[in-house]
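S.K.: got a sequence here, can you build the structure:
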Amino acid sequence: MRCPACEHDNLAGEDLCQQCGLDLAGLDVKAWGVSPEDPVLARRLSSLALKTPLVLDAEASVSEAVDLMRERHEGCVFVCDDEQRLAGVFTERDLTVRVASPGRDPSRTRLADAMTRSPVALQQTDVLAWALHRMGVEGHRHLPVLDGERLVGFLSIRAVLRSLLQP
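M.R.: Down below sits the predicted model:
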């Protein structure tokens, strides 16, 4: 099986890529009649129309984040420093688990205290098969896409499915 990250040709049934260590478990299973070697799934993320991320700094309040998410119809806000380096992500789930459930005041709670720190992120050079694998195995609905350390966009599961279903 060819590794979707480094393109090393591994033996069929390998769980980890022998060159880069990528988890290959489940990638050789044919789903929807396609494989990771399919030209659509081999596309680099840089070739996709990435969504523009909503970005706030860590000192912004949860209320500000929720207002922005509601206004733009998005399920998350990315937390970055001045150079667009990713520090965290604040999602609808973070709102329910870290703010609403413990009864914290959203207007007084900083994103730094409610966000998911150091979220799973992809690089522009990663392939769509790898993004789908991360989303499926780890249960992420939104994945930031970086150019080095800089946030350049994000993938949502809805956007990925739309791109797969387009003729």
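
S.K.: okay, CA-based contacts and neighbour counts for the rest of this
M.R.: Will do.

S.K.: show me the beta-bridge partners of the spatially most central residue of the chain.
M.R.: Residue closest to the average C-alpha location in the chain (Cα atoms, centre = their mean): residue 143, at 0.9 Å. Applying DSSP bridges to residue 143 gives these bridge partners: residue 155.

S.K.: for it, give its distance to residue 16.
M.R.: Distance, residue 143 to residue 16, using Cα to Cα, to the nearest Å: 22 Å.

S.K.: just residue 67 next, same as before
M.R.: According to Cα to Cα, residue 67 and residue 16 sit 42 Å apart.

S.K.: and those two? Which one has more around it.
M.R.: Set residue 67 next to residue 16 and count neighbours by other Cα atoms under 10 Å: residue 16 wins out with 15 against 11.

S.K.: in the chain, which spans are strands?
M.R.: For the chain, the strands defined by DSSP state E cover 55-56, 76-80, 86-91, 116-117, 122-123, 142-147, 150-156.

S.K.: partner strands of the first one, parallel or antiparallel?
M.R.: To tie it back to what came earlier, the one meant is strand 55-56. Sheet pairing for strand 55-56, assigned by DSSP bridges, gives strand 76-80 (parallel).

S.K.: show me which residues of the strand it pairs with are buried.
M.R.: Within strand 76-80, the residues scored as buried using 16 or more other Cα atoms under 10 Å are 76, 77, 78, 79, 80.

S.K.: of those residues, which is the nearest to residue 120?
M.R.: In terms of Cα to Cα, no member of the buried residues of strand 76-80 lies closer to residue 120 than residue 78, at 11.9 Å.
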